[in-house]
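K.L.:
With the sequence up front, the predicted model follows.
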Amino acid sequence: HRDLHSFPTRRSSDLTGVASQPEMQVKGNGVEIVDNDNSPGLDDHTDFDGVLVNGGTQERTFTIYNTGNAPLNLTGSPKVVIGGNHAADFTVTTQPTTPIAASGSTTFTVRFDPSAMGMRSATLSVANDDSDENPYNFAIQGTGTAPEIFITGNGIEIVDGDTTPSADDHTDFGNANVSGESVERTFTLQNGGSASLNLTGSPKVVIGGSHAADFTVTAQPTSPVSSGGSTTFTVRFDPSATGNRTAIVTIANDDGDENPYDFAIQGMGLGTEIQVTGNGVEIVDGD
């Protein structure tokens, strides 16, 4: 008879006809992200949604599963690599561990910190030893948002830093008598950006400059101002002396490039002028 020990050892996988191999799968928010997915969505967290350009961040955690029957090795260095158009706006803050046991899992976390407004896109790539999904990659994206402040008077825009008051945009209040006369102007503050605008000062509108005491904010604006929204504020000019009276309006806010928003205002103080006539002829003072 033949020696039984002469037969080669057979693996259990040979007996079943199934080879041992890893099988990689990735999910975000519990939803599968297929290999080579190029359509980021909010449901699987591959779309990071809107995030403020100045100071805002959004983190998403993804899970790598090994649904195979052999350990899955992540072979890259680093294990998760970010590339694409706006790669610098995305950072892997926590890398996954390796190897991943059969039926096991690991996680990694990506932070979105937009450097500019609008759509920001990148790709994630994970090198591994899954024979038909190496590398495993998919697209990610997010939107950089920011508030955008602008102010109008009489329907005309007053640019930030304007130093030339004008009657057209109501930054020149015109004439007012020193004795009990005042002029009020209402200005509209609008948010043309894609995120809420916060007015951060206390009070929200501050009057400064040479003759600040001659100008008073009688109605303050409201805050925050929603995207596409507006609010108003009113300034009263009540001159304490004759001649040109000047001041500066300042509004602290969270617009990244117009904080504070300021512009010059002015008005002319007039004195009481008495005139005496006799028979239609002026009699001058001291005559």
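P.N.:
Arrived safely. Numbering: from 1, shown residues only.

K.L.:
residues in contact with the most centrally placed residue in the chain?
P.N.:
By C-alpha atoms, centre = their mean, the chain has its centre lying nearest to L52, at 2.2 Å. L52 makes contacts with P114, G144, T145, A146, A195, as judged by C-beta atoms under 8 Å, 6 or more residues apart in numbering. For the C-beta atoms, the positions are set from N, CA and C on the backbone; glycine is no exception.

K.L.:
What backbone torsions are found at it?
P.N.:
Taking degrees, to the nearest 10, you get phi -60, psi 140 for the backbone angles of L52.

K.L.:
pLDDT score for it?
P.N.:
L52 is assigned a predicted lDDT (pLDDT) of 92.

K.L.:
P8 too?
P.N.:
On the pLDDT scale, P8 is placed at 46.

K.L.:
same deal with the one 3 residues further on?
P.N.:
The predicted structure scores R11 at 45 on the pLDDT scale.

K.L.:
try V284
P.N.:
At V284, pLDDT is 63.

K.L.:
Where does pLDDT dip in the stretch 51-200 of the chain?
P.N.:
Judged against pLDDT under 70, the stretch 51-200 of the chain has no low-scoring part.

K.L.:
rewinding a little: just the ones in strands from the contacts of L52, please.
P.N.:
With DSSP state E as the criterion, strands contain G144, T145 from among these.

K.L.:
if I look at the closest residue to A70 other than its chain neighbours, how far off is N69?
P.N.:
Sequence neighbours aside, S20 is the residue nearest to A70 in space, at 4.1 Å (criterion: C-beta to C-beta, 6 or more residues apart in numbering). Separation of S20 from N69 (C-beta to C-beta, to the nearest Å): 5 Å.

K.L.:
And for T186?
P.N.:
As judged by C-beta to C-beta, T186 and N69 stand 74 Å apart.

K.L.:
ok, now which ones touch the residue lying closest to L74 once chain neighbours are set aside?
P.N.:
Spatial nearest neighbour of L74, excluding adjacent residues (C-beta to C-beta, 6+ apart): T98 at 4.0 Å. T98 is in contact with L72, N73, L74, T75, K79, T106, counting by C-beta under 8 Å, 6+ apart.

K.L.:
Quick one, which of the residues you listed are buried?
P.N.:
The neighbour-count test (16 or more other C-beta atoms under 10 Å) marks L72, L74, K79, T106 as buried among these.

K.L.:
what sits opposite T188 in the beta ladder?
P.N.:
As for beta bridges, T188 partners with T152, T232 under DSSP bridges.

K.L.:
what's the burial count for it?
P.N.:
By other C-beta atoms under 10 Å, 17 other residues sit near T188.

K.L.:
next one: the one 5 residues further on
P.N.:
Summarising burial for G193: neighbours were counted as other C-beta under 10 Å, giving 22.

K.L.:
Over to it: give its phi and psi.
P.N.:
For G193, the backbone dihedrals are phi -90, psi -170 (criterion: degrees, to the nearest 10).

K.L.:
Give me the spatial nearest neighbour of it, chain neighbours excluded.
P.N.:
G193 sits nearest to E148 (C-beta to C-beta, 6+ apart), 3.4 Å away.

K.L.:
Contact partners for that neighbour?
P.N.:
N191, G192, G193, L197, D255, E258.

K.L.:
Buried members of the residues you listed into ChimeraX, please.
P.N.:
Remark: buried members of those, expressed as a ChimeraX selection using 16+ other C-beta under 10 Å:
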select :191,193,197,255,258
